[in-house]
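Asks: kindly generate the corresponding structure for this input.
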Amino acid sequence: MISIQHLTFGYKKSRPVLEDLSLELKPGHIYGLLGKNGAGKSSLLHTICGLLFPGKGTVRVTGEEPARRSAKLLQQTVLLPEEFYVPNGSVHTYVDNYAPFYPTFDRALFSRMLAEFEVPADSDLQKMSYGQKKKMMISFVLATRAKVLLMDEPTNGLDIPSKRQFRKVIAGTAAEDQVIIISTHQVRDLDSLIDHVLILEDKRIIIREPVERITQKLVFKQVNQPTELIAPIYYEGGLKGYAVVGVNHDEEESRLDMEIFFNAVLSEKQQIVPLFNA
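Replies: Numbers count the residues shown, from 1 in each chain. Predicted coordinates:
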């Protein structure tokens, strides 16, 4: 569905943001794109949808180059940017103006998600809070039923109940023929939602793994003392003891803690990355 080969991209008069990056993404999965602020997550999403052009290498989505901006591909690719603009008018007017660009737009689904987010369908866009606008935009993006959904920091501006609802609507609408990429630095917001983890660091994807393989290779535990786990790779202290990551020598079952895993990878790359490249 999405094939990226040896992608290099940089802005004028600066070093590359992405360098020799290769990635294959398949339909039927929800990918979590993780990275520090400024790591290049937004640049990668914008390259996939054709808003930015590769300096070197190739990007293909459903066999086409996004940079060519073909109508067929644009109808099947939708981006929810971190910062977005909404025009004057009502929610109804917005849908009437923009839904025709997406032949698969599902108005019934849009109405249902607005109701789940508790956003009145007749709201004036300019009178809505930022969080309400974000929920409207999330509903619109999902209702397009496009084959490629790209979301850049979609949970920014959402309160805790709305973040929970976000996870619910994503899980309930994701289809087997879709690729969904959700970029975030608020890692905990993606727990229990994504099934593949992508970590962008040093201008490349250094981790691209399904959740089940991560928990096969590593074990995640809460302990009173880090020494309770033999040779821990990484640990963080908290009010209830320590969150610890170690090599899963005994094939234990544990639940992936996305935030701890992300911090562990950035802190202990030399130990963790080779476990997945072997």
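Asks: tell me the domain boundaries of the protein?
Replies: 2-201, 211-277 (automatic domain parsing).
Asks: start to end distance for stretch 215-231?
Replies: 17 Å (CA to CA, to the nearest Å).
Asks: which stretches in the stretch 151-278 of the chain count as strands?
Replies: 179-184, 196-201, 204-210, 218-223, 234-238, 241-247 (DSSP state E, counting those that start in this stretch).
Asks: just checking, Leu266 touches Lys36?
Replies: Yes. Using CB atoms under 8 Å as the test, Leu266 is close enough to Lys36 to be in contact (7.4 Å). Just so you know, the C-beta spots here come from the backbone N, C-alpha and C atoms, and that holds for glycine as well.
Asks: picking up where we left off before, and the domains of the chain as JSON lines, adding mean neighbour count?
Replies: Formatted as JSON lines, the domains of the chain follow (neighbours: other CB atoms under 10 Å):
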{"stretch": "domain 2-201", "mean neighbour count": "17"}
{"stretch": "domain 211-277", "mean neighbour count": "16"}
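Asks: would you single out the least confident of these?
Replies: The minimum mean pLDDT among the domains of the chain belongs to domain 211-277 (a mean of 89).
Asks: end-to-end on that one?
Replies: Rule used - CA to CA; the end-to-end distance of domain 211-277 is 15 Å.
Asks: need the overlap of contacts for Leu266 and Lys36.
Replies: Glu201 (CB atoms under 8 Å, 6 or more residues apart in numbering).
Asks: will you turn the strands of the stretch 151-278 of the chain into CSV that also has distance to Lys127?
Replies: CSV is the format used below for the strands of the stretch 151-278 of the chain (distance: least, CB to CB, whole Å):
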stretch, distance to Lys127
strand 179-184, 28
strand 196-201, 37
strand 204-210, 41
strand 218-223, 44
strand 234-238, 41
strand 241-247, 43
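Asks: of all those strands, which one comes closest to His6?
Replies: When those are ranked by distance to His6, counting by CB to CB, first place goes to strand 204-210 at 10.6 Å.
Asks: excluding sequence neighbours, find me the nearest residue to the residue nearest the centre of the chain.
Replies: Geometric centre of the chain, nearest residue: Ile182, 1.4 Å, by CA atoms, centre = their mean. Closest residue in space to Ile182, ignoring its immediate chain neighbours: Met151 at 4.8 Å, by CB to CB, 6 or more residues apart in numbering.
Asks: could you pull out the strands for the stretch 1-150 of the chain?
Replies: Under DSSP E, counting those that start in this stretch, the stretch 1-150 of the chain gives strands at 2-9, 18-25, 29-34, 56-61, 77-80, 148-152.
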